[in-house]
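> Dropping a prediction and its sequence here:
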Protein chains: 2
Amino acid sequence: MQYTLYDYLPSGNGYKVRLTAKYLNIPYRLVPVDITRGATRTPEFLAKNANGKIPLLEIPGRGFLAESHAIISFLAEGSDLLPGDAWQRANVWQWLCFEQYNLEPNVATVRFWVKILGKTAAELGERLTEKITKGYEALAVLERGLEDREFLVADRFTLADIALYAYTHVAPEGGMSLEAYPKIRAWMTRVAAQPRHAPIGTA
Amino acid sequence: MQYTLYDYLPSGNGYKVRLTAKYLNIPYRLVPVDITRGATRTPEFLAKNANGKIPLLEIPGRGFLAESHAIISFLAEGSDLLPGDAWQRANVWQWLCFEQYNLEPNVATVRFWVKILGKTAAELGERLTEKITKGYEALAVLERGLEDREFLVADRFTLADIALYAYTHVAPEGGMSLEAYPKIRAWMTRVAAQPRHAPIGTA
């Protein structure tokens, strides 16, 4: 039995799953899906995930699992990446939720518009300004969360670090600067120094 | 030892926590926080949650836990509301993530603008139209998820039902109609018929 991952390699959400699988030495078959060409909106794909999104994990004998944070939590159950202590685990979830609600919709969207779709600031106008403002607010909360801490939860590398790293480290690709966030920058270096780390965009 | 919940009673995110605590018979002390008057943006509140949001749970001897889905997962660990089976639990997470990313930012925001802040469609313009369109798309995915199913996961009432019910059942308060979603309406009736159910807005 082998997992199949439907993914788009430049995706940070997909990267969370690929990094988690790498850390845990979980093999999978990759099926590339080009989200910029509507490949998640075909009837075939929508039959797998009614929400029309990657990453999507196919688990033989079970079915399809969508949502990057659900997938990484599923893969990491029982491992060091998801603490056994209830309070620490709750703190991992807190960071995952924060990423989904405050960081990803802003920092990732800016990068998607600017880098992946190649849109200009003039084209995007106020929508871009709003996303950038909210993105910097989220980065400030992350900076604050890293005060006196090497990693986000439990003083060690967990899913929280994987999930927050995914789009934070490529924020500059959308034109957002990490200059004002020294703790984030030091933490990113620690994350990238983890064994079995791999850059975004690799299978 | 007693939990303290910082909450705003009309909030659907807070309602998720209050409903979960009710089902599990977990007592807590409620501290009302008026989000419409900036009460989550004071230095005192930001010291508790740097992200400046309710609901926020204070756990004596531990600290503060933010994010409704992290809080309900923490409270429900080991209970029937969060299945012990890894695949079922992953499916609960999938629905929680979907709610946070696709449903809440649209359906809840429309309700917040229209009902809580009392803004008109003319004032809100295109921003409202966009949120409504995306909100209906999310409701269509939920309708699809309820095909041939009484509850979202594991054929029984779980956190997934609580989380999705919170803002879906008050969508009409923002002017969104549930007319086109018969499976959602039947499911809402089943959710509201659960023992210890309580309406939104109650402590």
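Nice, I can see it.
> Which residues of chain A lie near chain B?
A:50-51, A:59, A:62, A:65-71, A:73-74, A:77, A:86-87, A:89-91, A:93-94, A:96-98, A:100-102, A:104-105, A:141, A:144-145 (CB under 8 Å from any CB of the partner chain). C-beta coordinates here come from the backbone N, C-alpha and C atoms, glycine included.
> could you redo the last one with a cut-off of 6 Å?
A:50-51, A:62, A:65-67, A:69-70, A:73-74, A:77, A:86-87, A:90, A:93-94, A:97, A:100-101, A:141, A:144 (CB under 6 Å from any CB of the partner chain).
> Which ones among the residues you listed map onto strands?
Among the residues of chain A next to chain B, the residues falling in strands (DSSP state E) are A:65, A:66.
> Make a PyMOL selection of the buried ones in the residues of chain A next to chain B.
The buried residues among these can be selected in PyMOL (16 or more other CB atoms under 10 Å in any protein chain shown) with this line:
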select buried, chain A and resi 50+51+65+66+67+69+70+73+74+90+93+94+97+100+101+141
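> got any ranges where chain A has weak pLDDT?
Counting by pLDDT under 70, chain A contains no low-confidence range.
> Which segments of it make up each domain?
Per automatic domain parsing, the domain ranges recorded for chain A read A:3-76, A:86-192.
> Show me what the host helix or strand of residue A:16 is packed against.
Element membership for residue A:16 (DSSP states H and E) is helix A:12-23. Judged by 3 or more CB pairs under 6 Å, 6 or more residues apart in numbering or on different chains; DSSP states H and E, helix A:12-23 is in contact with helix A:68-76, helix A:159-168.
> Using PDB, write out the CA atom coordinates for the last one.
Spelled out, that is helix A:159-168. In PDB, the C-alpha atoms belonging to helix A:159-168 read as follows (Å, rounded to 0.1, in the frame of the first residue of the first chain):
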ATOM      1  CA  LEU A 159       4.200  20.300  12.600                       C
ATOM      2  CA  ALA A 160       3.800  23.900  13.700                       C
ATOM      3  CA  ASP A 161       7.200  24.800  12.400                       C
ATOM      4  CA  ILE A 162       6.600  23.000   9.100                       C
ATOM      5  CA  ALA A 163       3.200  24.700   8.600                       C
ATOM      6  CA  LEU A 164       4.400  28.200   9.400                       C
ATOM      7  CA  TYR A 165       7.700  27.900   7.500                       C
ATOM      8  CA  ALA A 166       6.000  26.800   4.200                       C
ATOM      9  CA  TYR A 167       4.800  30.200   3.100                       C
ATOM     10  CA  THR A 168       6.800  32.500   5.500                       C
END
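> tell me the phi and psi of the closest residue to residue A:203 other than its chain neighbours?
Spatially, and ignoring its direct neighbours in sequence, residue A:203 is nearest to residue A:30 (4.9 Å; CB to CB, 6 or more residues apart in numbering or on different chains). Backbone torsions of residue A:30, given as degrees, to the nearest 10, read phi -100, psi 130.
> likewise residue A:197?
According to degrees, to the nearest 10, residue A:197 has phi -60, psi 150.
> ditto for residue A:32
The phi/psi pair for residue A:32 (degrees, to the nearest 10) is phi -70, psi 140.
> count of residues packed around it?
Residues within reach of residue A:32, counting by other CB atoms under 10 Å in any protein chain shown, total 13.
> Look up how far residue B:106 lies from it.
Distance of residue A:32 to residue B:106, given as CB to CB, to the nearest Å: 29 Å.
> now do residue A:127
16 Å.
> Comparing these two, which residue is more hemmed in?
Between residue A:127 and residue B:106, counted using other CB under 10 Å, residue B:106 has the larger neighbour count: 24 against 15.
> In chain A, which helix is the longest?
Scanning chain A for the longest helix, with DSSP state H as the assignment, gives helix A:126-145.
> helices and strands around that one, which ones?
helix A:109-111, helix A:182-192.
> Please repeat the previous calculation with a cut-off of 10 Å.
helix A:86-98, helix A:109-111, helix A:121-124, helix A:159-168, helix A:182-192, helix B:126-145 (3 or more CB pairs under 10 Å, 6 or more residues apart in numbering or on different chains; DSSP states H and E).
> Now do the buried residues in it.
Buried residues in helix A:126-145, counting neighbours by 16+ other CB under 10 Å, are found at A:128, A:131, A:132, A:134, A:135, A:136, A:138, A:139, A:141, A:142, A:143, A:145.
> Chain B: which of these is nearest?
Using CB to the nearest CB, residue A:141 comes nearest to chain B of the buried residues of helix A:126-145, at 5.0 Å.
> pretty sure the closest one is in contact with residue A:101, am I right?
No - here residue A:141 does not reach residue A:101: they are 11.0 Å apart, not a contact under CB atoms under 10 Å.
> any shared contact partners between these two?
residue B:51 (CB atoms under 10 Å, 6 or more residues apart in numbering or on different chains).
> Spatially nearest residue to residue A:104 (excluding sequence neighbours)?
Nearest non-adjacent residue to residue A:104 (CB to CB, 6+ apart): residue A:167, at 5.8 Å.
> Now do the same contact list for that neighbour.
Contacts for residue A:167 (CB under 10 Å, 6+ apart) come out as A:11-13, A:15-16, A:99, A:103-104, A:106-112, A:135, A:138, A:173-174, A:200.
> what do you get for residue A:81?
A:19-20, A:23-24, A:72-73, A:75, A:92, A:156-162.
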